[in-house]
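>>> One predicted model, sequence on top.
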Amino acid sequence: MERTGKGKPRHEDTERLRLQAEADAAINLSRILRQQLRQLQPDRGPDTPPAIETKQRIHSWLDVLQTLTPGFIRTMVRPVYLNLIYYRLFPEYSKARQPEKLPVGNGFAAWSGYAPFLAFKQRLCRTLNQQYNGFTTPCRPGLVSIVLPVYNGASFIAASIDSVLAQTYTDFELIVVDDGSTDETPSILESYRGDARVRVIRQPNRKLPAALNAGFAEACGEFGTWTSADNLMHPGMLAELSQFLNGNPDAEMVYADYDLIDAQGLPALDTCFCREYQTPDGSSVLHLPYDPGELSFVQNNYIGGCFLYRTWAARAVGDYSQDCFGFEDYDFWLRMNALFRVAHLGRREGLYSYRLHSESLTAREKELQVAERARYYLPLEEERRRFFAASFDITLAGSHPWFRILAHAYRRAGHNVMEIADLSSEALYRYRVTRAFSKSILITTDPNLAPHPQPDCTFLFQGNRLRAAGHDWRAGDPAQLEYPLLAVANSFLWRRQEGPKLT
């Protein structure tokens with residue numbers, strides 16, 4: 001940029017910013033008025049045909065009915081319900097219409113053909129660039145961080161650790177979090193202290209989500225996963241999953257099939273666990289759906305313990321929720337699936353053994369009232385998807401060569417963008433007093449920016465580095481920032497807002 005004097009932009013740029021600010025203010029005002037008009041006319045819009053409105057109402061009633069049905073009944077009748085009722089009413093959602101393995105290359109939905117999921121992704125991603133494999137966070141490239149939380153797991157913990165240490169992929173770190181064990185677990189963990197690949201963290205008993213968060217806070221790897229103290233990784237698991245992510249930059253998480261074992265480590269046959277995925281019926285082998293889209297719309301946590309995700313995406317998604325004890329993994333998968341791209345490995349080879357025994361969390365679901373707390377979760381997930389897909393008020397404050405490119409991309413995608421060079425409190429206040437949308441972010445180059453008025457989410461932008469929500473990210477060019485930046489903001493703002501809690 002040419003300058004007329006030290007620190008002063010030339011007249012053309014000043015005039016451009018002034019005219020752009022006036023245009024942004026006009027757009028902002030029109031959007032505010034449109035929002036107020038919608039509130040006065042909450043019924044269906046004039047462009048919604050009655051037939052579509054009827055189908056939407058039926059779908060809403062079916063969703064409500066599902067939340068009121070006990071989990072064990074849903075499990076028994078689900079195949080019949082889908083084939084005889086749901087898919088007949090909504091044939092466009094039928095998995096029979098989708099190929100088992102989906103083609104790669106559809107941008108934001110490369111791994112799904114599930115119609116409701118595609119519609120949501122279109123509302124979320126809009127026209128923003130979906131090739132952001134250069135977006136990353138400080139980490140050790142190639143390293144896989146494995147967190148293993150344990151509480152009184154003396155019966156199986158040694159076998160679980162040994163299955164990790166036996167991986168053919170050797171570039172990993174194992175972080176064991178002893179969550180206040182009172183049995184022989186601490187002494188068993190002590191025997192692994194001489195292995196440089198293993199670190200042990202001890203903390204008072206704070207339950208599984210807190211133990212997972214404590215472990216991942218210490219992780220240094222490019223990839224992350226976690227395993228339970230009673231389950232086993234097959235030797236090739238990390239090699240297969242890391243190879244998939246390295247070869248597919250359009251996926252941020254991969255999951256794979258697994259098998260069931262009993263307390264003695266033998267195949268668990270003829271169980272009720274994930275019966276619809278047992279192949280053949282009654283066997284210990286589980287074949288999971290290739291398409292992850294249904295995960296977000298049908299209350300069914302079918303992703304098991306065999307998975308791997310990129311650390312930068314996990315940090316964007318946020319911690320495991322302590323409000324979701326017992327289904328904290330399900331909540332995390334839903335957030336990852338909504339904001340990023342999840343894929344099945346695409347091979348029918350089990351890479352993990354899930355142990356069924358009387359002391360597992362799965363066996364204690366009724367005692368812990370997990371099903372009772374999770375039964376109303378899909379309506380919350382629907383609310384979260386609406387929140388994620390809503391537009392942003394975005395303020396770019398300061399001077400950076402990427403700001404103009406980002407402003408153009410966000411305006412094209414339908415977000416409200418304001419550019420300001422004056423970083424005084426008065427200038428910021430003038431741009432913050434009116435808002436078209438409920439979500440607001442500030443992207444600035446000034447670490448000392450006046451906090452008033454405080455926007456919902458602040459990004460500090462220096463060079464190609466971005467800092468927000470306590471984490472750092474980097475990008476190779478501004479196009480790689482377009483979508484991930486908003487994904488980070490969505491995740492942070494959802495966690496920050498006063499929403500429904502599951503306790």
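Everything's here; your move. Numbering: from 1, shown residues only.
>>> what kind of secondary structure is residue 276 in?
Here residue 276 is recorded as helix under DSSP: H, G, I helix; E, B strand; the rest coil.
>>> ok, the spatially closest residue to it that is not a sequence neighbour to residue 270 distance?
Spatial nearest neighbour of residue 276, chain neighbours left out: residue 79 (6.0 Å); criterion: Cβ to Cβ, 6 or more residues apart in numbering. (C-beta placed from N, C-alpha, C; glycine too.) To residue 270, residue 79 is 18 Å away according to Cβ to Cβ, to the nearest Å.
>>> For this protein, which strand extends over the most residues?
strand 140-150 (DSSP state E).
>>> Pull out the buried positions in that strand.
Buried positions in strand 140-150, judged by neighbour count with 16 or more other Cβ atoms under 10 Å: 143-150.
>>> With pLDDT and distance to residue 323 as extra columns, can I get those residues in JSON lines?
Converted to JSON lines, those look like this (pLDDT from 0 to 100; distance: Cβ to Cβ, whole Å):
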{"residue": "143", "pLDDT": "98", "distance to residue 323": "30"}
{"residue": "144", "pLDDT": "98", "distance to residue 323": "28"}
{"residue": "145", "pLDDT": "98", "distance to residue 323": "24"}
{"residue": "146", "pLDDT": "98", "distance to residue 323": "25"}
{"residue": "147", "pLDDT": "98", "distance to residue 323": "20"}
{"residue": "148", "pLDDT": "98", "distance to residue 323": "23"}
{"residue": "149", "pLDDT": "98", "distance to residue 323": "17"}
{"residue": "150", "pLDDT": "97", "distance to residue 323": "22"}
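>>> quick check, nearest of the residues you listed to residue 318?
Of all the buried residues of strand 140-150, residue 318 sits closest to residue 147, with 15.5 Å by Cβ to Cβ.
>>> What strand or helix carries the residue nearest to that closest one when sequence neighbours are not counted?
Using Cβ to Cβ, 6+ apart and skipping residues adjacent in sequence, the residue nearest residue 147 is residue 215, 3.3 Å away. In the assignment (DSSP states H and E), residue 215 maps to helix 208-217.
>>> and the angle from that helix to strand 140-150?
With axes from the mean of the first three to the mean of the last three Cα atoms, to 10 degrees as the basis, helix 208-217 and strand 140-150 are set at 150 degrees to each other.
>>> to the chain's geometric centre, what's the distance from the helix or strand following helix 208-217?
Moving toward the C-terminus from helix 208-217, the next helix or strand (DSSP H and E) is strand 221-226. Mean-position distance between strand 221-226 and its chain equals 14 Å (Cα atoms, centre = their mean, to the nearest Å).
>>> circling back: look at the residue nearest to residue 276 and give its secondary structure.
helix.
>>> count of residues packed around it?
Counted with other Cβ atoms under 10 Å, the neighbours of residue 79 add up to 11.
>>> For it, give me the pLDDT.
Reading off the confidence values, residue 79 has pLDDT 71.
>>> Surely it touches residue 277?
No - Residue 79 lies out of contact with residue 277 (Cβ atoms under 8 Å); the separation is 11.0 Å.
>>> circling back to that earlier point, the longest strand of the chain - contacts with which helices or strands?
In terms of contacts (3 or more Cβ pairs under 8 Å, 6 or more residues apart in numbering; DSSP states H and E), strand 140-150 is packed against helix 157-165, strand 172-179, helix 208-217, strand 221-226, helix 237-247.
>>> want to throw these into JSON lines with mean neighbour count, distance to residue 394 and mean pLDDT?
Formatted as JSON lines, these follow (neighbours: other Cβ atoms under 10 Å; distance: least, Cβ to Cβ, whole Å; pLDDT from 0 to 100):
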{"stretch": "helix 157-165", "mean neighbour count": "19", "distance to residue 394": "43", "mean pLDDT": "98"}
{"stretch": "strand 172-179", "mean neighbour count": "23", "distance to residue 394": "37", "mean pLDDT": "98"}
{"stretch": "helix 208-217", "mean neighbour count": "21", "distance to residue 394": "29", "mean pLDDT": "97"}
{"stretch": "strand 221-226", "mean neighbour count": "24", "distance to residue 394": "29", "mean pLDDT": "98"}
{"stretch": "helix 237-247", "mean neighbour count": "19", "distance to residue 394": "30", "mean pLDDT": "97"}
